[in-house]
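Just need the structure, nothing else, for what follows:
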Amino acid sequence: MIISIGTDIIEKLTKTELEIIHFINSHEDTLPEMSIVDIAFETYSSPSTVSRAIRKCGLNGFNELRYRSGNKAKSEEIQSMNELFNKTLIEAQAVHERISLTDILAVIKCLDAARQISVFARGLTTYVGQEFSLKLRLLDYDVFFTDDPNIMQVKASKLKEQDILFILSLNGETPELVSAAVTACQKGNCVISCCCNEKSKLITYSKHSLVGYKHSHQAIKEFEVSSRIALYMICRIIIDYISTY
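From the prediction side, this is the model:
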């Protein structure tokens, strides 16, 4: 039985929720292959009802149930996939826990006051920067984006008084990005850094820094292609807040 329920828990469950828990416990072998939508379909309920029933039984949600069932699965493929799902979940939760709401609001306030926002990024983080820049433009911000190291140095040296430099970097140690931050900082411009290394050089020259979390897992070990989930999440939070409020 993957979910143990006593009398005290049964009393809290509705008839539908109890049927959902019975279904989960009676399909323990196939559960690792099912999604929350599959369970809802089989129990004539909804994903939100399934999630609520699981939480009433003391679990943090469907992800914890999936992790438990995946670890018990006989298939090595299912167990391996379960571990990958969990790594992604850990990374997302860590970002949520580490980011200060007041820091996010302070960054947004600076963006709103800027004449122009210059967004710099290198490597695979370029894709994060491109998407972030595009969405800011759609929200009517004046945004300049580049991943070219030569252009970065020239642009950083020519920032005007109310211009902001927003730097995206996974490790916060990329030389050309740090150099651009130094130049902008010395000129008195506001530098905002978004990275996943709380000890990075980039933070030293930033007025505001948003530091996420980078999981040690590396998908392709021959290359530095670590996940940029944290950076995408931080940028999404900023964009969602601006577009909503």
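
Okay, strands next: where are they in the chain?
117-120, 143-146, 164-168, 190-195, 208-211 (DSSP state E).

Return the most buried member of those strands.
strand 164-168 (a mean of 29; mean count of other C-beta atoms under 10 Å). (Each C-beta comes from the backbone N, C-alpha and C, glycine too.)

which helices and strands does that one pack with?
If you count contacts as 3 or more C-beta pairs under 8 Å, 6 or more residues apart in numbering; DSSP states H and E, strand 164-168 packs onto helix 101-113, strand 117-120, helix 125-138, helix 175-187, strand 190-195.

chain center to that strand, what's the gap?
18 Å (C-alpha atoms, centre = their mean, to the nearest Å).

contacting residues for Gly237?
Quick fix: residue 237 is Ile, not Gly. By C-beta atoms under 8 Å, 6 or more residues apart in numbering, the residues touching Ile237 are 99, 104.

that older thread, Cys57: which of the strands of the chain is closest?
Nearest of the strands of the chain to Cys57, taken as C-beta to C-beta: strand 208-211 at 35.1 Å.

Hmm, Phe23 and Glu42 touching each other?
Yes: in this structure Glu42 lies within contact range of Phe23 using C-beta atoms under 8 Å: 6.2 Å.

Show me which of those two is the more surrounded one.
Per other C-beta atoms under 10 Å, whichever of Glu42 and Phe23 has more neighbours is Phe23, with 17 against 14.

So what's the residue count around the residue lying closest to that one once chain neighbours are set aside?
Of all residues not flanking Phe23 in the chain, Thr43 sits nearest, at 5.1 Å (C-beta to C-beta, 6 or more residues apart in numbering). By the criterion of other C-beta under 10 Å, Thr43 has 19 neighbours.

export the helices and strands packed on strand 164-168 to CSV and tack on mean pLDDT and distance to Lys214?
Below are those laid out as CSV (pLDDT from 0 to 100; distance: least, C-beta to C-beta, whole Å):
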stretch, mean pLDDT, distance to Lys214
helix 101-113, 96, 18
strand 117-120, 98, 19
helix 125-138, 98, 12
helix 175-187, 97, 16
strand 190-195, 97, 9
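
what residues are up against Pro47?
Pro47 neighbours (C-beta under 8 Å, 6+ apart): 36-37, 40.

Flag every buried residue along stretch 149-161.
Buried residues in stretch 149-161, defined by neighbour count with 16 or more other C-beta atoms under 10 Å: 152, 155-156, 159.

So which of these belong to helices?
When DSSP state H defines the helices, the subset of the buried residues of stretch 149-161 inside them is 152, 155-156.

of all these, which comes closest to Leu231?
Using C-beta to C-beta, Met152 comes nearest to Leu231 of these, at 17.7 Å.

Contact partners for the residue nearest to Phe23?
16, 19-20, 23, 50 are the contacts of Thr43 under C-beta under 8 Å, 6+ apart.

Show me this structure divided up by domain.
Domain assignment of the chain by automatic domain parsing yields the ranges 7-74, 98-244.
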